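Quick one, what's the 3D model for this:
(one chain, ligands or ions: 1)
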Amino acid sequence: MNQKPKVIVSAPVPPDLREQLAERCEIVEVPTGQNPAEVLGADARATIEGMVCTVRTKVDQALLDALPALKVSSNFAVGFDNVDLAAATQRKVLICNTPGVLDGAVADVTIGLMLCLSRNLVAGDAFVRSGAWTKGAFPLTRDIRGKTLGLLGMGRIGRVVARAAQAFDMKVIYHNRREDPQAEGLATYVERDELFKSSDVLSMHIPLSAETRHSIGKRELSLMKPTAYLINTARGPVIDEAALIDALRAGTIAGAGLDVMEQEPLPADSPLCALPNVVLQAHVGSATHETRRAMIDLAVANLMDALSGKTPQAMVNPEVWQARA
Ligand SMILES: O=CC(=O)O
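This next block holds a predicted model:
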């Protein structure tokens, strides 16, 4: 009888799914976010063929060196900025992720942040609770209806946000590396600077990479309208946070809604926490019971498929798979 392949589980896999995985693989537990190279001894690591992990696991050169038999690493996330993709591809380690199943949940948080900012809903809650309402009316806010929503990045999530914005009668514009035929009828392509200049609400839907890190800085922020809001549900480091804090303090832009930051978890002494024109969330774009279940189902299916020779549904570096065939 063939031995079951050994896999690291370093993600919240629910018991029923864990049972299915255990029928096909030998599970080696690594607490979520801990480095398998530090948790496991060299003997245990030597025969690991697969891994399912969160973005808190850095799949870098050092970890790849520590897992010499690794064939597949399956991210419990759509983002894969935790992975040194060039190193993984060079070592023929297949990287999988969870696109598609979280688009609606992330889009919902994007729209939620937009409404919180434009209608000042978070401050409104505090206003009522504190009794301030008994002393006077809450200040007027701003409509989003008829305004322009700009999307930087027009992938799956951007398209769901664009569709949702139609229900608010918003004009949607976008900028991508190239014009996207799938955006036709949903949003109008504009040049990058035009996106910053024309948006009343500007939302980030780009992945984090060497190219996009700090790609929104002082220059981009200075192009924006002083009445505009910036929303980030993608990855914190795509924005130069120091420049954003300066812009928020100076009133270069009206406010920001951030589900992601440069440092996560965000410490309470971050200047962001002291800014009244910011709405913060704890990186919860995909954090619903339904969506997280769909994500872990897909992440584990990707892992089991890759180890059993079946083409996984979602591969980040499919060239590794093709080269194996
Ligand atoms: O941030 C969440 C993800 O990348 O899935």
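
Tally up the residues packed near the residue of the stretch 101-250 of the chain found nearest the ligand, please.
Nearest to the ligand, among the residues of the stretch 101-250 of the chain, is L102, at 5.8 Å (CB to the nearest ligand atom). Backbone N, C-alpha and C define where each C-beta goes, glycine included. A count of nearby residues for L102, using other CB atoms under 10 Å, gives 24.

Which secondary structure state does the residue of the stretch 201-325 of the chain found nearest the ligand sit in?
The ligand sits closest to S286 of the stretch 201-325 of the chain, with a gap of 5.1 Å, by CB to the nearest ligand atom. Classification of S286 by DSSP: H, G, I helix; E, B strand; the rest coil places it in coil.

quick one: pLDDT of it?
What the model reports for S286 is a pLDDT of 98.

what's the nearest residue to it if we skip its chain neighbours?
Leaving aside its sequence neighbours, S286 sits nearest to L102 (CB to CB, 6 or more residues apart in numbering; 4.0 Å).

need the contact list for the one you found.
V78, I157, G285, S286, T291, A294, M295 (CB atoms under 8 Å, 6 or more residues apart in numbering).

of all the residues you listed, which two lie farthest apart?
For the contacts of L102, the farthest-apart pair by CB to CB is I157 and A294; their separation is 14.5 Å.

right, and V72 touches K92 too?
No: the criterion here is CB atoms under 8 Å, and V72 misses it with K92 at 10.1 Å.

out of those two, which sits in the more crowded spot?
More crowded of V72 and K92, by other CB under 10 Å: V72, with 25 against 14.

Need the three-state assignment for the residue lying closest to that one once chain neighbours are set aside.
Computed as CB to CB, 6+ apart, the closest residue to V72 that is not its neighbour in sequence is A306, at 3.9 Å. Per three-state DSSP, the secondary structure class of A306 is helix.

Make sure R192 is actually in contact with Y174.
No: contact criterion CB under 8 Å: R192 and Y174 do not qualify, at 10.4 Å.

hmm, back to that, identify the residues contacting the residue nearest to V72.
G50, K71, V72, S74, L94, C96, P312, W321.

cutoff 10 Å now
Contact analysis of A306 by CB atoms under 10 Å, 6 or more residues apart in numbering lists 5, 49-50, 71-74, 94-96, 312, 315, 320-321, 324.

Likewise for K310?
A301, N302, M304.

Name the member of those with the most neighbours.
Result: N302 is most packed of the contacts of K310 (other CB under 10 Å), 28 neighbours.

per-residue confidence at it?
Note for N302: predicted pLDDT of 98.

returning to what we had before: tell me the most packed of the contacts of L102, by neighbour count.
Neighbour max across the contacts of L102 (other CB under 10 Å) = I157, 28 neighbours.

ok, that one to A11 distance?
For I157, the distance to A11 equals 21 Å [CB to CB, to the nearest Å].

likewise E194?
40 Å.

Could you do I216 as well?
I216 is 30 Å from A11, where distance means CB to CB.

So D108 sits against Q281, correct?
No: at 11.4 Å, D108 does not count as touching Q281 under the criterion of CB atoms under 10 Å.

Any idea how many residues pack against A242?
13.

quick one: the helices in the stretch 51-200 of the chain?
Here the stretch 51-200 of the chain has its helices, by DSSP state H, counting those that start in this stretch, at 61-66, 85-90, 103-119, 121-129, 156-166, 192-198.

Which one of those lies nearest to A268?
Nearest of those (CB to CB): helix 121-129, 16.3 Å.

Output the closest one as CSV - backbone C-alpha positions only.
What follows is helix 121-129, C-alpha atoms only, in CSV (Å, rounded to 0.1, in the frame of the first residue of the first chain):
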residue,chain,number,x,y,z
LEU,A,121,-22.4,56.1,10.2
VAL,A,122,-19.7,55.2,12.8
ALA,A,123,-19.7,58.7,14.3
GLY,A,124,-23.5,58.7,14.1
ASP,A,125,-23.7,55.6,16.4
ALA,A,126,-21.4,57.2,19.0
PHE,A,127,-23.4,60.5,18.7
VAL,A,128,-26.6,58.7,19.7
ARG,A,129,-25.0,56.5,22.4
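
Just list what it packs against, helices and strands only.
helix 103-119, strand 278-280 (3 or more CB pairs under 10 Å, 6 or more residues apart in numbering; DSSP states H and E).

List the contacts of the last one.
Around strand 278-280, the neighbours that count as contacts under CB under 10 Å, 6+ apart are 112-117, 120-123, 229-231, 244-245, 248, 255-261, 266, 270-273.
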